[in-house]
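[1] Generate coordinates for the sequence data below:
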Amino acid sequence: MLTVPEPAPDSRSLRLVDAVVRAVPWQPDGDPNALVDREWLVTNGLGGYSSASVAGFNTRKYHGVLVAALANPLGRMVMLSHLIECVALADGSTYRLSGAEWAGDATDGSGRPSRVLEAEGTRHLTGFRLEAGLPVWTYVVGGGEGGGPSVTIEKRLVMPYRQNTVVVTYRVTGGDAPVRLELRPALDFRGYEADLSTQPADAHYRLTVEHDHYAVDNPDQPLLPPLRLAVLGAPARCLLDAVRTPALLYRVEEARGYPDRGVLWSPGHFQVDVAPRGEVALVATSERAEVMRALAPADAFAAELERRRRLLAAPGRALRAAMQDDPRAAELVLAADQFLITPAGRLRDRVRAQAVGDEVCTVIAGYHWFTDWGRDTMISLEGLTLTTGRWREAGFIVRTFAQYVRDGLIPNMFPDGSNEGLYHTADATLWFFHAVDRYARVTGDRTTVRQLLPVLEGIAQAHIAGTHYGIRVDPADGLLAQGAEGYQLTWMDAKMGDWVVTPRRGKAVEINALWHNALCVLAHYLGDERGPEAAAPYADAAARARESFNRRFWYADGGYLYDVVDPLDGSGDSTEFRPNQLLAVSLPNAVLESERWAAVVDACERRLLTPVGLRSLAPGSPGYRPQYAGDLRSRDGAYHQGTVWGWLIGPFVDAWRRVHPGDDAGARRFLDGLLAHLGDFGVGSIAEVFDAEAPFTARGCVAQAWSVAETLRVYAETAQAAGGGGGAS
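    Numbers count the residues shown, from 1 in each chain. Take a look at the predicted model:
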C-alpha cells in the first residue's frame, strides 16, 4: 500500500518559502548584456510557461510573456510575445521599463543589419530577484539632476497552476507622486518552434471588446482560442492604436544560426493611473473568461505561494533540515517542480487514465524546446519526485509510461502537438526498470509493482527475442546489441540530417550495464511475487551478461572500459574514453567487478570531471570539441564530443561513493560548481550542457530536468553527513 508523506506542519516550512531569495547582482550603470544573457522562467504545470531575458525582452523565439500549452494538434503556442511597459510621471517625464533589440537601417561590415540594443529599462532597474522562484523587478524612475518626483515600482509575475494564464502586477512602493502606466501587449500567434514572424500580421488579428476584458483572435487559426486581456486594480483605458514593431532581433537565434528577426503586432495600449502604494495587474490568458475571473491577482499570488510552501514541506526530514541551512537546496526543489506536468495536449491519454482513477503525469525534459522524453523522464524520476516527497506523481509517471510500451519499448519522445510517441531508443526502456525499482524501494508500493511486472517481463522477453532498431540479445554471449542505419538510439543522440554524429551501433557499455541491472531488478521482484522458479531465467541471464561484460569490455591496455564492442560497422572495439562506462559502477546492480571500480572512477575523475559535470569525451580524443556553439551542424558536432553534461554528476558521485564509502562530505564537493551556477543563465535552475573548457559557459536549455534532478538527488543523499552552508543570494 502506498502511503504518501504529508507535508510537515511546523512553522519553519512556512517561513522557508520567504527565505528562498535568489538576487542577481546589478547596478543601474552596469553592462546590460549581463542581464540580457540571463533568463527567467515561470511554468504552469501543463507545459506552458512565461520566460524572457532578465533585461526585459526576448532573445529567443521561444520567449514570451504567455506561451500556452494547448490541446493537440496545437501544442505550445506563443500568445503574448512581449509587454512594452512605459511610466509617465506628473512632471511629464516618461520612462521605458522594457527594452528591445532590433536591426538598424545601417549595415555592419558583413552586410547584415546593424544591431541596436535599447536597454533603457536596465538603467532604471535597481534589482532583480527570484522570491520562492517567482521573478521580481524593482525600478526607480525620475529624480534626475533637475530634481522632480522619484518613484519606485515593483513588478511581479505568476502563472496560476494548471492554467494558461499569466498575471503581471505593478506596485508603487516608493515615492509620493502618482504614476501613469502604459502597457502595450505585442502579439505573434505561432507555434513556439515556428520561425519568427517577418510580415505585418495586423490584418489577421481581430479585437473584440467584452464586458470586462478584451479578446484577440485570428480568423486564420480557427482552432486557436482567443487571447483575453484585462487590467485590474484601477480604472484603465485602452487606446486602440494598432502598431507593428520594427524588425526585432533575437540574439540567441542569431548565434544559433536560425532566422533571427521577427515582427510583432499590437492592437493598442492600456493606460492606468496608479496611486502611491497602489497596485494594478495585467492578466493575459487563453482560458475561458470564467476561468480568468476565478482568481483575483492577489489570490493568484497567494495560492501559488501556498502551493510552493507545500512543495518545500514535502521532502524527508534530512532534506528539510538541509534547506533550513542552505536555501539553495530549496531552490532545487522549486526548480524540480517546473518539469513535472500534466500534458495539456494528450486528452485521450488523460481520459483513459482518469477512467481507472489515475492521472497522466510526465516530465518536460528541458525548457524551452524539449517535450517529454522517456529517457530523461526515467533518469530524472528519482530526483524530481522521490527526493522531493512527491510519491504520488512518481507513481503516476511509471504507470503512465507502462501504458505506452510497444513491442518492448517505451517512447523516446512525444513530439509537441502529437498524441503518438516515437520509439527510437535503446536505453529509455532499460532506465524504466531503474525508475520502477527506485520507486518501489522508496515508497513500498507493491501494488504498482505487481501491476507492472507483466509489462517488465514482456519488455525483457522482447529484448531477448529481438525488437525494432536491431535491439536484441546476442545468443552467443548474452549481451545486448542495438543499431539501425540512420538512427541514434543511445543517449548520445545527436543527428543532423542523415549524419548520426555518434552512432555507437553494436554493444554499447552503458546499454549493457542497464540491461544487467534490468534483469536483476526483474528477477528480484519476480522472486518476491512468484517465487524463485519464476525469477531463475532472468537471474541466469543477468549472470551470463555479467560474465560476458567483464570479459569483453575491460580494456586492459587503457585500464578502463571499451565504449562499444562488436560494432556493426566492423571497425573494431571502441577505445574512446567516455563517461558511459560509469554506469557499470554506479547502478544499484553494478555489472563491473568491484576490483576494477577504482580504476574506472579515478580515470573519469582525472579526464572527464569539471566543476559543472562530466565531459562527454576526453580531451585529446579524435573529434574532441571544446566548445558547444555556432549553427546547428557545429553544435550537433560538439554535443557529445566533449561538451559537459550536468546530469552525469549523478552517476559519477554514485560511483565515487562506492570507491570512497562513508566520505559523503568529499562527495558533496563535486556539486559546488553546479550550485554556484544557480545564479547564471537560467536563473534558479541548471543548464543542459556546458563548454568542455574553462570558463565552462552554459549552453543549450536554460533549465534541464535531469541536470536539476541529479544535482538535487546527490545533494539530498550527501547533505546530512556533509552539513549545509551557503545562501541563495
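
[2] what comes into contact with stretch 158-168?
    Residues external to stretch 158-168 that are found in contact with it (Cβ atoms under 8 Å, 6 or more residues apart in numbering): 42-46, 48-50, 65-66, 68-70, 79-80, 83, 134, 155-157, 281-287, 291-292, 295, 297, 300-301, 303-304, 307, 342, 344. Glycine gets a C-beta too; all of them are placed from N, C-alpha and C.

[3] Likewise for stretch 511-522?
    Residues from elsewhere that reach stretch 511-522 (Cβ under 8 Å, 6+ apart): 426-427, 430-431, 433-434, 436-437, 456-457, 459-460, 463, 473, 479-480, 482, 490, 535, 538-539, 541-542, 545-546, 549, 553, 583-584, 587-592.

[4] now, which of those residues lie within helices?
    If you go by DSSP state H, those have 430-431, 433-434, 436-437, 456-457, 459-460, 463, 535, 538-539, 541-542, 545-546, 549, 583-584 in helices.

[5] ok, of these, which come out buried?
    With burial judged by 16 or more other Cβ atoms under 10 Å, the buried subset of the ones in helices among the contacts of stretch 511-522 is 430-431, 433-434, 436-437, 456-457, 459-460, 463, 535, 538-539, 541-542, 545-546, 549, 583-584.

[6] Just the pLDDT at Arg346, thanks.
    In this model, Arg346 is scored at 70, pLDDT.

[7] Please look at it and Asn72 and confirm they touch.
    Yes: Arg346 is in contact with Asn72 according to Cβ atoms under 8 Å; the separation is 6.6 Å.

[8] what about the two, which has more around it?
    Using other Cβ atoms under 10 Å as the criterion, Arg346 and Asn72 rank with Arg346 on top: 22 against 18.

[9] domains in this structure, as residue ranges please.
    23-304, 314-722 (automatic domain parsing).

[10] Out of the ones you listed, indicate the one that is most buried.
    Mean neighbour count, computed with mean count of other Cβ atoms under 10 Å, is highest for domain 314-722 among these, reaching a mean of 21.

[11] quick revisit: which ones among the contacts of stretch 158-168 are found in strands?
    Among those, DSSP state E puts 42-43, 49-50, 65-66, 68-70, 79-80, 83, 134, 155-157, 281-285 in strands.

[12] now could you export just the CA positions of stretch 444-452 as PDB?
    Provided in PDB are the C-alpha atoms of stretch 444-452 (Å, rounded to 0.1, in the frame of the first residue of the first chain):
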ATOM      1  CA  GLY A 444       7.000   0.400  -0.600                       C
ATOM      2  CA  ASP A 445       4.200   0.400  -3.200                       C
ATOM      3  CA  ARG A 446       4.000  -3.300  -4.100                       C
ATOM      4  CA  THR A 447       0.600  -2.900  -5.700                       C
ATOM      5  CA  THR A 448       2.100  -0.900  -8.500                       C
ATOM      6  CA  VAL A 449       5.000  -3.400  -8.800                       C
ATOM      7  CA  ARG A 450       2.500  -6.200  -9.200                       C
ATOM      8  CA  GLN A 451       0.700  -4.200 -11.800                       C
ATOM      9  CA  LEU A 452       3.800  -3.500 -13.800                       C
END
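
[13] For the spatially most central residue of the chain, which residues count as its bridge partners?
    For the chain, the residue nearest the mean C-alpha position is Gly366 (2.9 Å; Cα atoms, centre = their mean). Assessed by DSSP bridges, Gly366 has beta-bridge partners Gln704.

[14] That one contacts Gly700, correct?
    Yes: contact status for Gly366 versus Gly700: in contact at 7.4 Å, counting by Cβ under 8 Å.

[15] Need the residues touching each of these two.
    Between them, Gly366 and Gly700 share the contacting residues Glu688, judged by Cβ under 8 Å, 6+ apart.

[16] Who are the contact partners of Gly233?
    Contact analysis of Gly233 by Cβ under 8 Å, 6+ apart lists Thr169, Val272, Val274, Gly278, Glu279, Val280, Ala281, Pro297.
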